[in-house]
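# Give me the fold of what follows.
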Amino acid sequence: MTDKQTPSPRPIPIQTAAPRPSAEDKAREKAALLAAAEAAPWRLQDLMRAPHRLGFFLAMLLLVLGSLWWALVQTDRFSGALQLQQTIPATLVHANVMVYGFMPLYFAGFLFTAGPKWLNVTAPTSEQVRPLLLLQAGGWLLWLVGAQLNQTLALVGGALALIGLCWMYAMWWKLVRISVHQDRLHAKSVGIGGLIGCIALAGALLALWQGDAAQSRLWTLTGLWGYIVVTFVAVAHRMIPFFTSNAVPMVQVWRPFWVLGLMLGAALFEAIVPWLEALGLRGQGWMLFRGVVELGIAAMLLWLAVVWGLVQSLKIRLLAMLHIGFIWLGLAFLISGLTQILGASAGIVLPWAALHALTMGCLGSLIVAMVTRVSCGHSGRALIADDTVWRLFWLLQLSILLRIAGAFPSGQASLLLVLAALLWTGILAVWAWRYSRWYGKPRADGKEG
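Modelled structure (predicted):
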């Protein structure tokens, strides 16, 4: 036998781990990426990169233009200097732009970004979402132009916007149907709100085409409560406790479905009320009943705000903005309930105060808070409200108070309405300019999206 030589083992090279970057290195890299993003040119290609970019950009455009148009109308009413002539009652033009013009575009940007994660489905691409966004934005721009020039042009614009809205919720319901996720209640609530919105907008346009401005207004109020508020409370129920518990560890996520049911029921109650009153349900007894119901809803919402961590949230600006916006929902019901009871006893009803506590106070504040948060997070920036945004938010609250004060009869009411409209428009123009620049630039963290 011959001895076999055992091969000597090969040396195993020792690999040294790459040194981990220090905190200073990470900070420098982050600062460099942020500087590159800020210096990058604004490009249409980047605007089309994600659904929320185009949706939010078009929403901001309509929000500012619609607000500017209304500020000019209020200025003309006060001074008579512009001699504006509307082909459609100005309050209807204003109401529909504020309910259907920019809100659904913000919803689209949010729902087609966060919604697929709720449902655990593949998100639609920017190319799939783009046509429905452009139809709505283009339609409402025609609506504003037609309001000054030609009623038929305005109605054509409204019809195009309606097609885009129906397309949007057909796409949303498709995502809901293909999802096998166990919890789809919030997504279905949003979808039901969207269906109500499509029906209400169709009703408002049809009534206006038939020359019935009063019924058109009823449909728009139905859309406000049955669509916009339903969507907001569904999203608030899901997101506000979640955001708060992440930022404030001592606050637990508490969002039982019966609370969502109460909030949805409150919104649908207000959607039905205008129709009941149009059918003749009026008088002292009805006003007392409505007032008591609304005060009960207000108490529930204000209690819920405290349970969700209102006090704890005030230390974190972006979170505080969300909670303050939600507080306005309770205050809107409180003001409405008190004015109904006052009306039953003294015959004085002030519906515009409660309506603008809802629209400007709750919906306006929540839009600024949530869009700021999404814009920061999806642009690769820190989730913060810096000094500029924080000051704008509190100026926004001032414009809300001016508008509510203008709803009370006084010799200064017209001036207060002009000041509120101008301040609101100026604030939102500055806010929109800041974030709309981000949508056409690369993310500040170098990622896609």
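
# how close does residue 87 sit to residue 205?
Computed as CB to CB, to the nearest Å, the residue 87 to residue 205 distance reads 14 Å. (C-beta placed from N, C-alpha, C; glycine too.)

# In terms of neighbours, single out the busier of these two.
Comparing residue 87 with residue 205 by other CB atoms under 10 Å, the one with more neighbours is residue 205, at 24 against 15.

# Secondary structure element holding the closest residue to that one other than its chain neighbours?
Residue nearest to residue 205 in three dimensions, not counting chain neighbours: residue 158, with 4.7 Å by CB to CB, 6 or more residues apart in numbering. Assessed by DSSP states H and E, residue 158 sits inside helix 151-178.

# Same question for the next helix-or-strand element following that helix: list its buried residues.
Using DSSP H and E, the helix or strand that follows helix 151-178 in sequence is helix 185-209. Buried residues in helix 185-209, counted by 16 or more other CB atoms under 10 Å: 186-187, 189-208.

# Could you do stretch 142-149 as well?
142-144, 146-148.

# Out of the residues you listed, the closest to residue 438 would be?
Using CB to CB, residue 144 comes nearest to residue 438 of the buried residues of stretch 142-149, at 25.6 Å.

# ok, for that closest one, nearest residue in space, not its chain neighbours?
Residue 144 sits nearest to residue 69 (CB to CB, 6+ apart), 5.7 Å away.

# tilt between the helix or strand hosting the one you found and helix 151-178?
Using DSSP H and E, the element containing residue 69 is helix 51-79. Per axes from the mean of the first three to the mean of the last three CA atoms, to 10 degrees, the angle that helix 51-79 makes with helix 151-178 is 150 degrees.

# Counting by contacts, list what helix 51-79 packs against.
helix 44-47, helix 90-96, helix 103-119, helix 126-149, helix 365-377, helix 413-439 (3 or more CB pairs under 8 Å, 6 or more residues apart in numbering; DSSP states H and E).

# which of the ones you listed sits most buried?
Neighbour counts (mean count of other CB atoms under 10 Å) averaged over each of the helices and strands packed on helix 51-79 peak at helix 103-119, with a mean of 23.

# State the mean pLDDT of that helix.
Helix 103-119 shows a mean pLDDT of 93.

# distance between the ends of stretch 174-182?
16 Å (CA to CA, to the nearest Å).

# List the residues that contact residue 93.
69, 86, 143-144, 147, 154 (CB atoms under 8 Å, 6 or more residues apart in numbering).

# now with 6 Å?
residue 147 (CB atoms under 6 Å, 6 or more residues apart in numbering).

# Can you add distance to residue 364 and pLDDT and give the buried residues of stretch 142-149 back as CSV?
Output for the buried residues of stretch 142-149, formatted as CSV (distance: CB to CB, whole Å; pLDDT from 0 to 100):
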residue, distance to residue 364, pLDDT
142, 24, 97
143, 20, 97
144, 19, 96
146, 25, 96
147, 22, 94
148, 25, 93
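
# Report the two of these separated the most.
Largest separation among the buried residues of stretch 142-149 by CB to CB: 142 and 148, giving 11.3 Å.

# which intervals of the stretch 201-350 of the chain have sub-threshold pLDDT?
250-252 (pLDDT under 70).
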